[in-house]
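J.: okay, here's the prediction I keep looking at, along with the sequence it came from:
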There are 2 protein chains.
Amino acid sequence: LQVDKGVDFAQYFCTYAFLYHQKEMLCDRVRMDAYFNAIFKNKHHFEGKTVLDVGTGSGILAIWSAQAGARKVYAVEATRMSEHARALIKANNLQHIIDVIEGSMEDVVLPEKVDVIISEWMGYFLLRESMFDSVIYARDHWLKPCGVMYPSHARMWVAPIRSKLGDQKMNDYEGAMDDWYNFVADTKTDYGVDMSVLTKPFSEEQRKYYLQTSLWNNLHPQQIIGTAAVIKDIDCLTATVEEILEVKSSFLSTINSENTRFCGYGGWFDVHFRGRNEDPAQLEIELTTAPSVSNGTHWGQQVFLLHPPIWVSEGDELKVSFFMKRSNENHRLMEVEFGCEINQPSGKLHQQPFTNKFYIE
Amino acid sequence: LQVDKGVDFAQYFCTYAFLYHQKEMLCDRVRMDAYFNAIFKNKHHFEGKTVLDVGTGSGILAIWSAQAGARKVYAVEATRMSEHARALIKANNLQHIIDVIEGSMEDVVLPEKVDVIISEWMGYFLLRESMFDSVIYARDHWLKPCGVMYPSHARMWVAPIRSKLGDQKMNDYEGAMDDWYNFVADTKTDYGVDMSVLTKPFSEEQRKYYLQTSLWNNLHPQQIIGTAAVIKDIDCLTATVEEILEVKSSFLSTINSENTRFCGYGGWFDVHFRGRNEDPAQLEIELTTAPSVSNGTHWGQQVFLLHPPIWVSEGDELKVSFFMKRSNENHRLMEVEFGCEINQPSGKLHQQPFTNKFYIE
Ligand SMILES: Nc1ncnc2c1ncn2[C@@H]1O[C@H](CSCC[C@H](N)C(=O)O)[C@@H](O)[C@H]1O
Ligand SMILES: Nc1ncnc2c1ncn2[C@@H]1O[C@H](CSCC[C@H](N)C(=O)O)[C@@H](O)[C@H]1O
């Protein structure tokens, strides 16, 4: 993993230096309630303990940890947001408990090992941003042998969906190509240059952009048309970077809506706060980003669309293979491949197996 | 000028690697016509000559130069767009004339000096992107003593304007602050943390974003409410980087609309193709990005808004000072300061002199 720190800072960390962006996370009630309850319903994990908050941002999790009774909290933040965190901590009279340290987790030296590591490291579809790497690093270097991870577990989910977004995107793509053909004709007539050799690369660029890039969406539960499957299960106490570099899985999903269009896949995640076997949570808390009518999160779901959609019926069985790896150009972005075979007990014509490649940008 | 090349590539060059972005420039008819005519109405500058195209992008200017009779064209492009340029050049049967070289202008070695340097290096308000630095570098290293620059001259313009964008942006800002106050109240009640210490930095961040960032706009000529002034005049043959690092100017502008709101400043540029004194153009061509009903460009104008606007009358005289420098964080972005003193011969109360700071992002 060779990463240019300057580039990483310019591309990734920059947004986190804005209060506006931190506020978006602080206004996500599902997220806030989960961490708040995880901490305050499990005070025994915090009282008199030392805590490390990996990526403290505004400082919120460090503050709650201190309010729940921590003896000492180390709040590490890579960006200048650390200054705002420091001000906030002072204004809430916790400066004697919380040390804010500006720096990358990977570069920081703490004066001691800690009892608890807390972090809100989850990106879209869990692993986008690859920030869990930094949590693993923190754990391996700074967590005491019997320490606890907050959250302790994480899972990735996939389900077949219906959605009209695919039609929209296909329209956008076709509109862009219509424009292109006019442009090629005009450029030849008016400026004497034949651009047609670029039609193929342009259409590939546009296909990638409109059709192969996964979308943020707040799915309605009714848009899930088949059984959802866990494609990855992570124990935050033991997971290695090796283990999350790639995610590979295959699963069966049974269509449970009558005569509907299979328009693509929806992906989301949940995390759990269970403490650790020897030192379990008093109350286990779950933070889920599954499709929900009233408990949506800022993560929404990632949607991977098929072009065109495929008609399916209740009882049809999808055999889906999933593969995700990091993008070569940017280790915080992902490339995903779905394979699918449809088994229609209804006896209708069997669809050929097909695969689709997507980019999580 | 210390620049991290990796960061610069990630932040600046990346967009130019998309055909979609090149196409936007290729669809700008004012831009295209100007370069097309500059070349084909001045074939004597190209016939049998060697040409360097700094930042060839799709290759269009290199192709026209070759079609106008150049003996050899070196087409330098920093991004992977160079591959598309190469394909386009081949498809137009000019591969024996044009050498496409992928690399930064600053790193490239040419086999010979050239008679002409052509480049479309202009960013918003002329100097955003700071690409002219690379053209200066190319000129100092690769232009023959009697060589010609295409374009040969460039000018920056400013005029007082009226616009309703300021009201919109002020509304957006106030909306963001209303949200913030609700957020602070809720976070205190629901999560026991007092965020009010962040109100000031948040409002500064939002002011910067909504009120102090210049905007792209396609101004109608009627929105210009006073005489426009040239604030910078560049001779591309002799200009130095020193000379464009900062732009400082002051000018008078007389309001020429009756009873109107002075809402801010509009900034634009023009460039000219005049050849050089000893070897002038046969037909001088101008490319202007001034406000225009039917000849708008993709550059539009940059708009710098006052909050609140000021009522002015015909005959009022503005004494404006202008200062622009590069942003410390990113040498391709700019910081601008306007000072203004209003002289109202009408005898109404004189406005106090005032200054406003802006960011060109
Ligand atoms: N390796 C690393 N070292 C330090 N900070 C990091 C980091 N990787 C990500 N971060 C920071 O982690 C934060 C993640 S967002 C979560 C912020 C805060 N804990 C909250 O729950 O509201 C960002 O502010 C980001 O800048
Ligand atoms: N220092 C540098 N070296 C090489 N290419 C550069 C450069 N600075 C900018 N560029 C390239 O210059 C181009 C400017 S846009 C203009 C493209 C083309 N000449 C046209 O007129 O349509 C971009 O493709 C950008 O990648």
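T.: Thanks, I have it. Ligands and ions are numbered 1, 2, ... in the order given.

J.: get me the contact residues on the stretch 151-300 of chain A for chain B.
T.: Residues of the stretch 151-300 of chain A found near chain B (C-beta under 8 Å from any C-beta of the partner chain) are A:176, A:180, A:183, A:187, A:190-198, A:201-202, A:205-206, A:209. (Each C-beta comes from the backbone N, C-alpha and C, glycine too.)

J.: in the stretch 1-150 of chain A, which spans are helices?
T.: A:5-11, A:19-26, A:29-40, A:60-67, A:81-91, A:132-142 (DSSP state H, counting those that start in this stretch).

J.: list the buried residues for stretch A:42-53?
T.: A:42, A:45, A:46, A:49, A:50, A:51, A:52, A:53 (16 or more other C-beta atoms under 10 Å in any protein chain shown).

J.: could you find the closest non-adjacent residue to whichever residue of the stretch 151-300 of chain A sits closest to chain B?
T.: In the stretch 151-300 of chain A, the residue that lies nearest chain B is residue A:197 (3.7 Å; C-beta to the nearest C-beta). Sequence neighbours aside, residue B:91 is the residue nearest to residue A:197 in space, at 3.7 Å (criterion: C-beta to C-beta, 6 or more residues apart in numbering or on different chains).

J.: pLDDT score assigned to that neighbour?
T.: In the prediction, the pLDDT value recorded for residue B:91 is 98.

J.: what sits against residue A:311?
T.: A:259, A:260, A:261, A:262 (C-beta atoms under 8 Å, 6 or more residues apart in numbering or on different chains).

J.: now for the first one, how many residues are close by?
T.: The reference is to residue A:259. Using other C-beta atoms under 10 Å in any protein chain shown, residue A:259 is surrounded by 9 other residues.

J.: do the same with residue A:343
T.: For residue A:343, using other C-beta under 10 Å, the count is 14.

J.: beta partners of it?
T.: residue A:317 (DSSP bridges).

J.: quick one: residues contacting it.
T.: Taking C-beta under 8 Å, 6+ apart as the test, what residue A:343 contacts is A:316, A:317, A:318, A:319, A:350.

J.: residue A:44 and residue A:68, how far apart?
T.: 9 Å (C-beta to C-beta, to the nearest Å).

J.: for ligand 1, what are the nearby residues on chain A?
T.: A:13, A:16, A:25-26, A:55-58, A:60-61, A:76-79, A:81, A:104-106, A:120, A:131, A:134 (C-beta under 6 Å from any ligand atom).

J.: filter the residues of the stretch 151-300 of chain A next to chain B down to just the buried residues.
T.: Going by neighbour count (16+ other C-beta under 10 Å), those have A:176, A:180, A:183, A:187, A:191, A:193, A:195, A:198, A:202, A:205, A:206, A:209 buried.

J.: not counting its neighbours along the chain, what's nearest the residue nearest the centre of chain A?
T.: For chain A, residue A:124 is the residue whose C-alpha lies nearest the centre (C-alpha atoms, centre = their mean; 2.2 Å). Leaving out its chain neighbours, the residue that sits closest to residue A:124 by C-beta to C-beta, 6+ apart is residue A:302, at 5.5 Å.

J.: does that neighbour touch residue A:289 like I think?
T.: No: at 9.8 Å, residue A:302 and residue A:289 do not qualify as touching, with contact defined as C-beta atoms under 8 Å.

J.: mind giving me the packing neighbours of the stretch of helix or strand residue A:267 belongs to?
T.: Using DSSP states H and E, the element containing residue A:267 is strand A:260-276. When contacts are defined as 3 or more C-beta pairs under 8 Å, 6 or more residues apart in numbering or on different chains; DSSP states H and E, strand A:260-276 sits against helix A:29-40, strand A:143-150, strand A:153-161, helix A:165-191, strand A:279-288, strand A:301-312.

J.: in the stretch 151-300 of chain A, what residue lies closest to ligand 1?
T.: Closest approach between the stretch 151-300 of chain A and ligand 1, counting by C-beta to the nearest ligand atom: residue A:298, at 10.8 Å.

J.: ok, now which ones touch that residue?
T.: A:24, A:25, A:27, A:28, A:31.

J.: cutoff 6 Å now
T.: A:24, A:28 (C-beta atoms under 6 Å, 6 or more residues apart in numbering or on different chains).

J.: any idea how far residue A:112 is from residue A:119?
T.: For residue A:119, the distance to residue A:112 - C-beta to C-beta - is 18 Å.

J.: looking at these two, which is more packed in?
T.: Counting neighbours by other C-beta under 10 Å for residue A:119 and for residue A:112 shows that residue A:119 has the greater number, 24 against 11.
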